[in-house]
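>>> sequence and predicted model, in that order:
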Amino acid sequence: MDTIILVVEDDVTLRELLKYNLQKEGYGVLTARDGGEALELYDKNKPQLIILDIMLPVINGTEVCRIIRGKSQIPIIMLTAKTEEVDKVVGLELGADDYVTKPFSMRELNARIKAVLRRSEIGKGAGDAPAEMHGFLKAGDISIDLMKHMVLCKGKEVELNPKEFELLVLLLRNRGQVINREQILRKVWGYDYIGNDRTVDVHMRWIRQKLEEDPENPCYLITVRGYGYKFAE
């Protein structure tokens, strides 16, 4: 099987249900019941995607996400039983690609998995990336090699995750034009993404921290209050 998914969930019933349904979809599945086991399985098997519960014994899901993000941009979908906005934002700020709130349907989860994997492949500069993604872009101190998925700022390489890269490309290709949050979600996260515009704000903050000399007073990535964002001309 080409795609291996690591499912990290301490509820044995849900863990086995996820394994059964994902295998029916054609994925290879590894399972872990706590954060420590999850990190061991990740290091030994290098799966292509992780489904990660937040509330875990030994090492909680947010810490697992932080550790893995320190060494890989593997797609991570977090599971949470909580509905408060703060929990979802924490997951995104740690580098999770998406989140699903329990209870959820397998149909919803499968859609999220496919969307995240598709975005990941585009972010790597895969051969089936859209034609408009090919080429080279430059504005001020920022240069983007779209084929190599490489961003340079003042001649130094800056590592962006796939969605950060797509978001920066979208804004740079539309330099000077304001793009609202709904348009950004649709173009970067896809029509099947179920989320809110807070996702966009979180990722913009990450990009500014990596590219702007003063992220609180950006020169390139400009907020248009009450509407969206633009890349300054």
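On my side now, so go ahead.
>>> can you pull the contacts of Gln23?
The contact partners of Gln23, by Cβ atoms under 8 Å, 6 or more residues apart in numbering, come to Val29. To be clear about C-beta, it is placed using only N, CA and C from the backbone, and glycine gets the same treatment.
>>> next, it: phi, psi?
Backbone dihedrals for Gln23, given as degrees, to the nearest 10, come out at phi -60, psi -40.
>>> right, and the helix or strand after the lowest-mean-pLDDT helix or strand in the chain?
Counting by mean pLDDT, DSSP states H and E, the weakest-scoring helix or strand in the chain turns out to be helix 85-93, with a mean of 63. Scanning the chain past helix 85-93 towards its C-terminal end, the next helix or strand to appear is strand 98-101 (assignment: DSSP states H and E).
>>> what strands line up against that next one, and which way round?
When sheet partners are counted by DSSP bridges, strand 98-101 sits next to strand 76-80 (parallel).
>>> who's in contact with the partner strand?
If you take Cβ under 8 Å, 6+ apart as the criterion, strand 76-80 is touched by 9, 49-55, 61, 65, 68-69, 87-88, 91, 95-102, 104, 109, 112-113, 116.
>>> 7 Å instead?
Contacts to strand 76-80, defined as Cβ atoms under 7 Å, 6 or more residues apart in numbering, come from residues 9, 50-54, 61, 65, 68, 87, 91, 95-102, 112-113, 116.
>>> dead centre of the chain: give me the residue that sits there.
With distances taken as Cα atoms, centre = their mean, the residue of the chain nearest its centroid is Asp97 (2.8 Å).
>>> wait, it sits on Arg118?
No. Proximity of Asp97 to Arg118 does not meet the contact threshold set by Cβ atoms under 7 Å, at 11.2 Å.
>>> give me the low-pLDDT residue ranges for this structure?
Within the chain, the stretches falling below the threshold (pLDDT under 70) are 1, 82-92, 119-135, 191-197.
>>> that one: strands as residue ranges?
Along the chain, counting by DSSP state E, strands occupy 4-8, 28-32, 49-53, 76-80, 98-101, 136-139, 142-145, 150-153, 156-158, 179-180, 221-224, 228-231.
>>> I appreciate the help and will end here.
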